[in-house]
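Engineer: A structural model of the following input is requested.
(chains A, B and C, ligands or ions: 2)
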Amino acid sequence: LTNIFEHKVEQQQAWVRVVNVTENDTDPLKWAPNWPAEYDGYKRTALPTKTRFGGHGGSEALPEEKLTRDPWLKRMFLGYAFSLDYRDRRGHAYMLSDQEASLRLTKPQSGSCLHCHASIMPLYRELGNGDAMLGLERSSAFSYEELNQKLRASGHAHPVSCVDCHDPKSMSLRVTRPGFLRAISEFANSDGEAQAFPSIQEWRVGKREKPYDPNTDARRSEMRSFVCGQCHVEYYCGKKMPLTFPWQKGLTADAIEAVWNETTFKDGTPFSDFEHAETGAKVLKAQHPEFELWSQGIHAQSGVSCADCHMPYQREGATKTSDHWVRSPLLNVNRACQTCHRASETEMLRRVDVIQQRTYELLQRGGRAMVDLLDAIMLAKKAGVPEAELAQALLLQRQAQWRLDYVAAENSMGFHAPQEAARLLAVAIDQARQGQLSALSARAAHELTGKPEVP
Amino acid sequence: LTNIFEHKVEQQQAWVRVVNVTENDTDPLKWAPNWPAEYDGYKRTALPTKTRFGGHGGSEALPEEKLTRDPWLKRMFLGYAFSLDYRDRRGHAYMLSDQEASLRLTKPQSGSCLHCHASIMPLYRELGNGDAMLGLERSSAFSYEELNQKLRASGHAHPVSCVDCHDPKSMSLRVTRPGFLRAISEFANSDGEAQAFPSIQEWRVGKREKPYDPNTDARRSEMRSFVCGQCHVEYYCGKKMPLTFPWQKGLTADAIEAVWNETTFKDGTPFSDFEHAETGAKVLKAQHPEFELWSQGIHAQSGVSCADCHMPYQREGATKTSDHWVRSPLLNVNRACQTCHRASETEMLRRVDVIQQRTYELLQRGGRAMVDLLDAIMLAKKAGVPEAELAQALLLQRQAQWRLDYVAAENSMGFHAPQEAARLLAVAIDQARQGQLSALSARAAHELTGKPEVP
Amino acid sequence: MSQWRKKWALALALAIGIGTGIGAYTFRYAEGLSYFSKDPRACANCHIMQQSYSSWQMAGHHTVAACADCHLPHETIAKYLAKADNGWRHSRAFTTGNFPEPLEMIPRSRAILEKTCQGCHEGLVQGMLSQGNEAPACLHCHSDVGHGERLGLGGPFGSTALEARQMPAHGVKRKP
Ligand SMILES: [Ca+2]
Ligand SMILES: [Ca+2]
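Structural biologist: Numbers count the residues shown, from 1 in each chain, chains lettered A, B, ... in the order given. Ligands and ions are numbered 1, 2, ... in the order given. This is a model prediction of the structure:
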């Protein structure tokens, strides 16, 4: 009986604002009295979680080092900060401290890094005199340490916070990050396939008078993914160019590669993330393209959003709230999957496992092909093959490495788009082996001075 | 208006048997008066149909030649009857006449070929004195021509017929083909993953007193695929061994390869389908593994059977029948797919297209890798590389060709298990390129008499 | 539900249908009047609706909601308009046999459903509805509340789910 009574009371309390919150309230604690259930969930992102390929495990100071687990990653990144330290992700609560602790910061990094690791909007507005987009642009001139200090001093040094995804007045979802706002509008303006985004399809056949703006044009179901797309995306973030999400031609790995290939730095040199320390190839680095890979999968194209799986609704007393403990859905199959899928929890876990296992097997196969390619190039160099004759092998290294890294850096081990991930790995493997063939035949031709003719 | 009256009347109808049918009634016309709707559908399998990758198109005498469309197929099959004539499939009505018309018959073929191309059971019973299994075994001693003549003389020269899938007394589904009966029982007895087959899982944990028998043990939903698994499967059908479905280790392409690798002919030589005319590699031929690939996909593992998509229910007045016009489900999306999927017809077609396009692209990529491999081996041979040093390249040809052919010969262009098909192609490409590397470095080593050392 | 409203709605429905005299006959004959009853068996009067009826009986809501609770607006006027609309469209379709099978819900029907879900579950989903932008689509996640998994014409996931999954191979019967 008391139970019913409690329910009734809670029902009325939903959404009673105990305190007022504003654009500058980056501390989630401030929001807690109004929305205690959401706040409780949010706080739990500090708890350790572990699945076969997800989460970060126990209570160690830092998550596991990917470079130790897969040495071919380290080899692939030689010459770049990622070869120093590259770890598993973990909960949102750690995003700022994990960044600060990374040995990648022993190389000079740009202030733009904070775009996705802190509740940065007030600082952007400050830097841009009210214009956040300008603020972001200015942020790339700062070193990471300088901007981090400014942030700490401003009192906004929190991980992603309520105000980053919610309008404090209406609590509607909204996107705040300038990087995303610009890029999604560029994407809308491209002719890249947009099956997952009905509002972009509509905008494209509509008047196009104003640039596409997710905060006014997107549907609620799209916003449930856009808020995540602010950060879980491929980017360039360095000193040579402002923070860029490369979506001008579409959201596929191939379209993104094409954008990078056509990009030049201010000094006119063609875009690349780094020069590979061993081979000298000018290569790319892919970072967590969850949003992009998801967009190529059947879930996205059926309207299933990130929040559907990673923040499923849960019943708390007499109201339903979104679980703000953003984490692997495999820890919460009942709510995350079974509202849509009738299969048992064991069966859902088995399905994911089959998909991830296939991806993992191909990924390791790709890693072996990459190592063989690097070996072949180095042997050719040792044998004195001139630079020019290795151009093709180096180009193939760039292409293969892009795709292999794309799937490796994506955090769902292929689940977000199983067939597409397998396709990318197949192409990566082909390119790596072709590079190896090119290096081998260049070396053979060199050692035979001209013979056998390269087939 | 009459329509409504009819509805009301039909609602009351039950199965009225106008004529009696028996085990020896292979002529579907005999069954027509009892089940006119099913018979009408069955007859329509003679109509031409066409989708992007399915069906066979217009009213030409014979379907399109695959060898012309994809010349790499022809090259891959050199030395085997499949390099003479290899066409698109079409409707069931043509199965016997298309076989008879095939130029593959210009090479001696075994009588067992009829197992899947005619209503053959009465003839098997005759050959085996009532024991069909024995009849099948004896059939391999006959040449195709001999047995075909016997069949024609017996009056049973019909394509797959009612009696092949239905018990004439109860009209229950049943499987008749000895090849399937033996193989599915062997598979049940293996520890191959059987996610798609609940009754096999049960049999395995049960007493196992009697061998697994689909006709008594399988569920109805499984029978709706087993009847197709009688023919839409990988096989060996030649003179050196009775007809074999290679399922003793499981239903994956890898498990089947393992079975072939461990098989020897009676004369003790290791199993292979043919010797490649150019390279001399002892290779395998994969035939239409629809049942096997389907079993690895999410549909099979969710209990969706062949008949669900290829023979969906349809309403005729107030009664429901299974559409016996077995054909591409893309010609019938509403019934075939929308019965389970909530997306629109256009959207379902688009989804299939995305899946098939990705598979097609990888398949062609695999074809190029295969041609490069064959070229590399031939160059090495020309350069005088001794046989022994090419052993690895030839082995890799066998492995790569097996997987490439497996996906090419499967008739859904990857749809039945999209990620698995992409995985197989990725592995095929890797193997083909590794074979090429092996041949190239053998040639280089040979031409340099010992140098550079093979990496 | 008052008597005069029933009559008013019937009149409206017939007025739409009367254009072709035959429409009225059809409507009556095919038990079109059942559109004006709350009894779920009334919907099942058409064999086309049989599948929906039997699957509804197996789904969670059958003890708390009947067809009309979900498929017709809860506000009186809107309810009768919808009844007339459905009544006319379904009767005509039934007569001509001209409709897709499995059935496809039209957007109007979908919109009604969304509203009726909210109607009963207002308290629970208050938080979801309180956000400024458009309401979430309940059917995106809960499309199986009324009838279980989508049924179409049957098959292993339809009203024959239990049958197909559990029935041994023998005993195929013509389905009604
Ligand atoms: Ca990048
Ligand atoms: Ca074979």
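
Engineer: quick one: the closest residue to A:Val352 other than its chain neighbours and ligand 1, what's the gap?
Structural biologist: Among residues not flanking A:Val352 along the chain, A:Phe415 sits closest, at 5.9 Å (CB to CB, 6 or more residues apart in numbering or on different chains). To be clear about C-beta, it is placed using only N, CA and C from the backbone, and glycine gets the same treatment. A:Phe415 sits 21 Å away from ligand 1, going by CB to the ion, to the nearest Å.

Engineer: Run through the residues that contact A:Phe415.
Structural biologist: A:352, A:355-356, A:359 (CB atoms under 8 Å, 6 or more residues apart in numbering or on different chains).

Engineer: and with 7 Å instead?
Structural biologist: Shown in contact with A:Phe415 (CB atoms under 7 Å, 6 or more residues apart in numbering or on different chains): A:352, A:355-356.

Engineer: Now, those that are in helices?
Structural biologist: Among these, DSSP state H puts A:352, A:355-356 in helices.

Engineer: The residue lying closest to A:Glu100 once chain neighbours are set aside sits in which helix or strand?
Structural biologist: Leaving aside its chain neighbours, A:Glu100 sits nearest to A:Asn148 (6.9 Å; criterion: CB to CB, 6+ apart). Under the criterion DSSP states H and E, the helix or strand holding A:Asn148 is helix A:144-154.

Engineer: pull the CA atoms of that helix into CSV?
Structural biologist: Provided in CSV are the C-alpha atoms of helix A:144-154 (Å, rounded to 0.1, in the frame of the first residue of the first chain):
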residue,chain,number,x,y,z
TYR,A,144,47.1,21.7,-24.6
GLU,A,145,48.7,22.7,-21.3
GLU,A,146,47.9,26.4,-21.6
LEU,A,147,44.2,25.8,-22.4
ASN,A,148,43.9,23.1,-19.8
GLN,A,149,45.2,25.5,-17.2
LYS,A,150,42.7,28.1,-18.3
LEU,A,151,39.9,25.5,-18.0
ARG,A,152,40.9,24.5,-14.6
ALA,A,153,41.1,28.1,-13.5
SER,A,154,37.6,28.8,-14.9
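
Engineer: in it, what's buried?
Structural biologist: A:144, A:147-148, A:150-151 (16 or more other CB atoms under 10 Å in any protein chain shown).

Engineer: Show me what secondary structure element comes after it.
Structural biologist: Toward the C-terminus from helix A:144-154 - assigned by DSSP H and E - lies helix A:162-165.

Engineer: Show me what that following helix is in contact with.
Structural biologist: For helix A:162-165, contacts defined as CB under 7 Å, 6+ apart pick out A:23, A:25-26, A:28, A:31, A:119, A:121, A:173, A:176, A:227.

Engineer: before we move on, what about stretch A:80-97?
Structural biologist: Against stretch A:80-97 from outside (CB under 7 Å, 6+ apart): A:45-47, A:55-56, A:62-67, A:73-74, A:77, A:102-104, A:106-107, A:117-118, A:157, A:159-160, A:273-274, A:285, A:326-327, A:411.

Engineer: Distance from it to the middle of the chain?
Structural biologist: 12 Å (CA atoms, centre = their mean, to the nearest Å).

Engineer: tell me the helices in the stretch 1-150 of chain A, going along the chain?
Structural biologist: In the stretch 1-150 of chain A, helices defined by DSSP state H, counting those that start in this stretch lie at A:2-13, A:28-31, A:36-43, A:66-69, A:71-76, A:95-101, A:121-127, A:132-139, A:144-154, listed in chain order.

Engineer: Next: chain C.
Structural biologist: Under DSSP H, chain C gives helices at C:3-17, C:21-29, C:40-43, C:50-58, C:67-71, C:76-96, C:107-130, C:138-142, C:161-166.

Engineer: Then the stretch 351-455 of chain A?
Structural biologist: With DSSP H, counting those that start in this stretch as the criterion, the stretch 351-455 of chain A has helices at A:391-409, A:418-447.

Engineer: Check which residues of the shortest one are buried.
Structural biologist: Of all the residues in helix A:391-409, those buried under the rule 16+ other CB under 10 Å are A:392-394, A:396-409.

Engineer: relative orientation of it and helix A:418-447 in degrees?
Structural biologist: Put simply, helix A:391-409 runs at 150 degrees to helix A:418-447, going by axes from the mean of the first three to the mean of the last three CA atoms, to 10 degrees.

Engineer: returning to that earlier point: JSON lines for the ones in helices among the contacts of A:Phe415, including neighbour count and pLDDT?
Structural biologist: Shown next, in JSON lines, are these (neighbours: other CB atoms under 10 Å in any protein chain shown; pLDDT from 0 to 100):
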{"residue": "A:Val352", "neighbour count": "23", "pLDDT": "98"}
{"residue": "A:Ile355", "neighbour count": "23", "pLDDT": "98"}
{"residue": "A:Gln356", "neighbour count": "22", "pLDDT": "98"}
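
Engineer: sorry, back to before: helices or strands next to the helix holding A:Asn148 in the packing?
Structural biologist: helix A:121-127 (3 or more CB pairs under 7 Å, 6 or more residues apart in numbering or on different chains; DSSP states H and E).

Engineer: which helices and strands does the helix it packs on pack with?
Structural biologist: Looks like helix A:121-127 contacts helix A:132-139, helix A:144-154 (3+ CB pairs under 7 Å, 6+ apart).

Engineer: will you turn these into CSV that also has distance to ligand 1 and mean pLDDT?
Structural biologist: Formatted as CSV, these follow (distance: least, CB to the ion, whole Å; pLDDT from 0 to 100):
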stretch, distance to ligand 1, mean pLDDT
helix A:132-139, 17, 94
helix A:144-154, 17, 96
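
Engineer: Thank you, goodbye.
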